[in-house]
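K.L.:
Have a look; sequence and predicted model below, questions after that.
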Amino acid sequence: MNCLIRAAAQLRGVAGLAVAGAEARGVALRRGLALASGTRSPLVAATSTLRSPLPLVATSAPPARFMHSKGERELVEFLTEEITAERKAQKVKNIPTELDGFKVQLNGAEVTLTKKVDSETISINFNVNHTVDSESSDDEVVDADKEEFAEMRSRPQFEIDIIRGDATLSFTCSFIQDTQPVQEGDGYNDVFGIDEITMYQGEWNDKIYAVAGDVLDGYLYDLLMNYLEEKGISNEFAEKLSDFSTNYEHSAYICLLESLSKFTVKP
C-alpha cells in the first residue's frame, strides 16, 4: 500500500514538472513571436518605457548673459571700426619719457614734468581731461564733400612750480586762443599766458594770496614771461607740451574705447 502511494506522488511530481516546462516554453515562444512581429510584451514595453529619455520641457528662464542685445552688438561693431580708424590716425605710438630735459611721469590723466637745475626744481603739472579742441576757427567752414576736418589738439592749463628749498614760486598758465586779438604795437605773439602767480612756503593752501595775470603791470608781466623763458619754458616749449598732451590724450582715448568694447563684450 505504501509503495502505491509513493508511486502516485512521483507521477504527480513528474506531471507538474511537465506542465511548468510547457508553460515556460509557451512564454518563450510568445516572446519570440512578439519580437518577430515588432510588438513588445508588457514586460519589455514597461522596461523600454523606463529607459526612454525624458521629454524636453520649455522653460521661461531668461536668456544667458552671452546673448547680447541688439544695442550691445551695434556698439561693439562701431567700436571695432572706430578703434581701427583711431589707431591709423595715431601719430605717436609710444609716449616719450622725456620732454626737452624734463622727465615725464604719467598717472592716469595727470602728467608731471620735472627738471632739476642746480639748487632749483622745476615742476610742470597738467591734466589732459577736457583739453581737446579743433584748430579750425568758428568762422571756418568745413567742406563736407572733401571730408577734411581740422586736427584735434590738446591745450591744457598747466601749473609751473619753481622750488628753491622750502619756497615755491608758482605760475598758472594757459594757452592763448587763436581768436584772441593781438593788441596794436605788441610785437610778441605768445602761445601761452600767465593766468595767476603766487608764492608760498611749504605746502600750498587756500589762504595763500595769488594775483591774476591780467591785472599785473604790463612791464612786470613781460619780465615774468622772460623769466620763464630763461627757465626753459618758452613758446617753443609750450608748443611741444601741446604736442605731447595731444598724443597722450589720443592714446588715452583709444584705451578708453578698447576698455568700453571689452566691457560690452564681457559676459
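P.N.:
Great, that's in hand. Numbering: from 1, shown residues only.

K.L.:
C-alpha from now on. contacts and neighbour counts both.
P.N.:
OK.

K.L.:
which residues sit against stretch 202-222?
P.N.:
166-168, 194-200 (CA atoms under 8 Å, 6 or more residues apart in numbering).

K.L.:
What separation is there between the residue nearest to F175 when sequence neighbours are not counted and E81?
P.N.:
Ranked by CA to CA, 6 or more residues apart in numbering and with sequence neighbours excluded, the top spatial neighbour of F175 is F192, at 4.1 Å. Relative to E81, F192 is positioned 36 Å away (CA to CA, to the nearest Å).

K.L.:
Looking at these two, which has the bigger crowd around it?
P.N.:
Shown here are F192 and E81; by other CA atoms under 10 Å, F192 has more neighbours (19 against 10).

K.L.:
and the more buried one, what does it touch?
P.N.:
173-176, 235, 238 are the contacts of F192 under CA under 8 Å, 6+ apart.

K.L.:
Buried subset of those as a PyMOL selection?
P.N.:
Filtering the contacts of F192 down to the buried ones (16 or more other CA atoms under 10 Å) takes a single PyMOL command:
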select buried, resi 173+174+175+235+238
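
K.L.:
Please narrow the contacts of F192 to those residing in helices.
P.N.:
Among the contacts of F192, DSSP state H puts 235, 238 in helices.

K.L.:
any chance of the contacts of F192 in JSON lines, plus pLDDT and distance to E159?
P.N.:
Below are these laid out as JSON lines (pLDDT from 0 to 100; distance: CA to CA, whole Å):
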{"residue": "C173", "pLDDT": "98", "distance to E159": "6"}
{"residue": "S174", "pLDDT": "97", "distance to E159": "9"}
{"residue": "F175", "pLDDT": "97", "distance to E159": "12"}
{"residue": "I176", "pLDDT": "94", "distance to E159": "15"}
{"residue": "N235", "pLDDT": "96", "distance to E159": "15"}
{"residue": "A238", "pLDDT": "97", "distance to E159": "12"}
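
K.L.:
Using JSON lines, lay out the contacts of F192 together with distance to E98.
P.N.:
Below are those laid out as JSON lines (distance: CA to CA, whole Å):
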{"residue": "C173", "distance to E98": "21"}
{"residue": "S174", "distance to E98": "21"}
{"residue": "F175", "distance to E98": "21"}
{"residue": "I176", "distance to E98": "25"}
{"residue": "N235", "distance to E98": "18"}
{"residue": "A238", "distance to E98": "14"}
